[in-house]
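Chemist: What would the 3D arrangement of this be:
(one chain, ligands or ions: 2)
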Amino acid sequence: MRIGHISDLHILDLDKPRPLRFLNKRLVGGLNLLLNRSNAHSREVVEQALHKLESLDVDHIVISGDLTNLALESEFAAAAEVVRSINGAPGRVSIVPGNHDYYTPGAARSGRFEKFFSEFLKSDLPQYQLDSGYPFCHLRDDVAIIGLNSGIATPWLFATGRVGDEELAAASRLFQDPEVRSRFKIVVVHHPLLPDENHTIQFNRRLINDDEVLEVVRTNDVDLVMHGHTHYFSILQVPKLGTPGTTYICEAGSTSMPSGNDPTMAGKFNVYHIEDSHLVEVETHLFESHEAGFVPWRSEVFRRQIAEG
Ligand SMILES: [Fe+2]
Ligand SMILES: [Fe+2]
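Modeler: Ligands and ions are numbered 1, 2, ... in the order given. This is a model prediction of the structure:
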């Protein structure tokens, strides 16, 4: 099984946001977009990533949030167009929202993300799903993909997240289901659960209940967590609790960034190779140029896990 992981697409409305339309938090966000992001995140780079993922023969694609910038209807429409263009969608795609998809209380309250992506939130184990649509579970061969929602509307200058208590309790019940227990378990959530060795997580950008989510993950034998939000590449390993083995916590970075001045921040995606219920390799591809597209950047092999297992 090979799973592609893209994230933080931040797809722009083709008309570009006009800040005077916004009399709330979006005013700051809209100005920021006009000054910075409209020159950065690129839909074309995302489309090149998806094209490359097809050529790499992935079985499934995960998108770990921040599909939009200001959670505008027009941005969701553009993002949905890109996502629905994936071969085999919706059955071959799992998506969770990020803080940018819950950018304002209105967007969060109206469930705009859930309306645009309702067919992607269909759960194979709906008995554990709350009315919010989470947690959902996609059972694909010997893999169970569990989607959690950490998106919340935040005040200006905040990009925090939180997985709700009820949702976390429902996820704990879901992990006990025999259909899940017998599979390789993947959790998809937008915010990171831990800082990596090179970057701290700023107070105003953190997952508020990161300790609780991490404990649920570690005590329920979760094998792999895919997240986004920081826009940095990282692979972390933490021991599971109460059972032998490792939980891998991975972020590829923002997939939609053209290379620009800092190549380490260029668009990235990961491909996870899962064999016999073990993660054996994470390969990462990086956007080089519009001509070259995405090229292999690094690969980490975890063969030892199989030898020990
Ligand atoms: Fe993001
Ligand atoms: Fe984010």
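Chemist: where's Ile63 relative to His231, distance?
Modeler: Note on Ile63: its distance to His231, by CB to CB, to the nearest Å, is 14 Å. For the C-beta atoms, the positions are set from N, CA and C on the backbone; glycine is no exception.
Chemist: Which one of these two is surrounded by more residues?
Modeler: Applying other CB atoms under 10 Å to Ile63 and His231 shows that Ile63 carries more neighbours, namely 31 against 21.
Chemist: Shouldn't the more buried one be within a strand?
Modeler: Yes: the assignment for Ile63 is a strand, going by DSSP: H, G, I helix; E, B strand; the rest coil.
Chemist: In this structure Val82 contacts Arg43, no?
Modeler: Yes: judged on CB atoms under 8 Å, Val82 makes contact with Arg43 at a distance of 6.5 Å.
Chemist: Looking at per-residue confidence, what score does the residue lying closest to Phe175 once chain neighbours are set aside get?
Modeler: Take Phe175 and drop its neighbours on the chain: the residue closest to it by CB to CB, 6 or more residues apart in numbering is Asn220, 3.8 Å away. In this model, Asn220 is scored at 98, pLDDT.
Chemist: any idea how far Leu214 is from the closest residue in space to Ile201 that isn't next to it in sequence?
Modeler: Counting by CB to CB, 6+ apart, Ile201 lies nearest to Pro195, which is 4.8 Å off, once chain neighbours are set aside. Separation of Pro195 from Leu214 (CB to CB): 12 Å.
Chemist: so which strand or helix has Ile235?
Modeler: If you go by DSSP states H and E, Ile235 is part of strand 234-239.
Chemist: Run through the neighbouring helices and strands of that strand.
Modeler: When contacts are defined as 3 or more CB pairs under 8 Å, 6 or more residues apart in numbering; DSSP states H and E, strand 234-239 packs onto helix 210-219, strand 246-251.
Chemist: how about those, which one is nearest ligand 1?
Modeler: With CB to the ion, the closest approach to ligand 1 among these belongs to strand 246-251: 10.5 Å.
Chemist: any chance you could map the strands in this structure?
Modeler: Shown for the chain, the strands assigned by DSSP state E span residues 2-6, 60-64, 93-96, 136-140, 143-147, 184-188, 224-226, 234-239, 246-251, 268-275, 278-289, 293-301.
Chemist: what is the mean pLDDT for the fifth one?
Modeler: Just to be clear, that refers to strand 143-147. Computed over strand 143-147, the average pLDDT equals 98.
Chemist: And for the third one?
Modeler: What strand 93-96 shows for mean pLDDT is 98.
Chemist: is it up against ligand 2 anywhere?
Modeler: No: judged by CB under 5 Å from the ion, strand 93-96 stays clear of ligand 2, getting no closer than 11.1 Å.
Chemist: That strand - contacts with which helices or strands?
Modeler: By 3+ CB pairs under 8 Å, 6+ apart, strand 93-96 packs against strand 60-64, strand 143-147.
Chemist: Of these, give the one that comes closest to ligand 1.
Modeler: strand 60-64 (9.4 Å).
Chemist: Which neighbouring elements make contact with that closest one?
Modeler: Using 3+ CB pairs under 8 Å, 6+ apart: strand 60-64 touches strand 2-6, strand 93-96, strand 143-147, strand 184-188.
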